[in-house]
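Peer 1: Provided below for reference: sequence and predicted model.
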Amino acid sequence: MSGVQARCSRGESVTALRRHRLLSLAVLLAFLAVAAVLSVAIGSKSISPLSVLSALWNAGDSESDIIVNSLRVPRTGFGVLAGAALGVAGALMQGHTRNPLADPGLLGVTQGAGFTMVSAVFLLGVTDLRVYIWYGFAGALVASLAVFALGTMGRGGPTPVTLALAGAAVSALLHALTSGLVLLDQQALDVFRFWQSGSIAGRDPALLGEMLPFVLVGLVLAFFNAPGLNALSLGEDVARSLGQRVWLTRAVGVAAITLLTGAAVAACGALAFVGLAVPHAARFLSGPDHRWLLPYSAVLGGTLLLVADVLGRVVARPGELEVGITLALIGAPFFIALVRRRKPVRL
């Protein structure tokens, strides 16, 4: 009887934990919804929630309707997509490298996007955002493939150490090349400065539809990657003994990181901090299980980016601070407080 009771107790504890995680995720989704409403309602011209609902359901030609549907709804969509993408990519990056300080930029994805966008402006004279954003995505893809190729050299194949070292080397090289190009061309410098600060404002709404498929595919790959990543957290030998193909798990993870980060940074610029701090906050709430950590990171990433964007509009009225600057201002103290309050969960 004691064995049956123990199994029942374990089953009840697992059910209670799952219920707690689902409830916490529902609360976070509610916070995300509130942040989205604030993002649509607050700006240089404040719009009441009732007017927002009216503009969404019965769009007309009034000033408020045009502001809501043409400017703020797409901007909110960019914030949710980019925040979710960077949050999940950061969780994957920290899991695969087993490095709590890792963020999506560690694979060279961010620097690859910046380099090819600047190159498109400098060498080809590209000036349309909807054109050179694709160069940014291509650069992110090529940079991540180069890092993965370098990281697979040697007998051990891709390991957390080799991937981190290869990513640091490629990032340093691309940063140096980008710095050289922007010194030679004023227009390339202007594009790079705007991209480097990070922003979800002033983006063509059509880009949202072009960005969405890459983010969705990246999220699907990330969630398929979660069980293998849980096994890898026990060590590669244990993962192999459990039947995991380590190289395939690494490859799927790198593909997901590339799609998520490439789409986010090419469309919205180098949004720092999201991929670093959001997984830590999500891990604090959900625990180390990546099947829960990834959804938590997605919701928290979108919420953080929207809140930072709204704060940037409020503190600098009638102008605004770019969201990348606001993220740095509110993110660094938050991360320090998180680390001081409790030791980060081991990866």
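Peer 2: Received, thanks.

Peer 1: all helices for the stretch 101-250 of the chain, in order.
Peer 2: Taking DSSP state H, counting those that start in this stretch, the helices of the stretch 101-250 of the chain run over residues 109-124, 129-152, 160-184, 186-197, 205-232, 236-241, 246-268.

Peer 1: Tell me which of the ones you listed sits nearest to V14.
Peer 2: helix 205-232 (15.3 Å; C-beta to C-beta). Bear in mind the C-beta positions are built from the backbone N, C-alpha and C, glycine included.

Peer 1: and stretch 315-328, how far from the chain's centre?
Peer 2: Per C-alpha atoms, centre = their mean, to the nearest Å, the displacement of stretch 315-328 from the mean C-alpha position of its chain is 19 Å.

Peer 1: And stretch 122-135, by the same measure?
Peer 2: The answer for stretch 122-135 is 23 Å, by C-alpha atoms, centre = their mean.

Peer 1: quick one: average pLDDT of that stretch?
Peer 2: Mean pLDDT, stretch 122-135: 77.

Peer 1: Next: stretch 239-252.
Peer 2: For stretch 239-252, the per-residue pLDDT averages 82.

Peer 1: Could you list the residues in contact with it?
Peer 2: 96, 148, 152, 157-158, 163, 221, 224-225, 228-229, 231-232, 234, 236 (C-beta atoms under 8 Å, 6 or more residues apart in numbering).

Peer 1: Give the buried residues for it.
Peer 2: 239, 244, 246, 249-252 (16 or more other C-beta atoms under 10 Å).

Peer 1: tell me which of the contacts of stretch 239-252 is nearest to S64?
Peer 2: Checking these one by one against S64 (C-beta to C-beta), the nearest turns out to be L221, at 39.7 Å.

Peer 1: what sits against the closest residue to D309 other than its chain neighbours?
Peer 2: Leaving aside its sequence neighbours, D309 sits nearest to V323 (C-beta to C-beta, 6 or more residues apart in numbering; 4.4 Å). Neighbouring residues of V323 by C-beta under 8 Å, 6+ apart: 79, 198-201, 271, 305, 308-309, 312.

Peer 1: Just give me the closest of those to K45.
Peer 2: A201 (14.2 Å).

Peer 1: Quick check: that closest one touching R75?
Peer 2: Yes. The pair A201 / R75 is scored as a contact, 5.8 Å apart, by C-beta atoms under 8 Å.

Peer 1: Lovely, talk soon.
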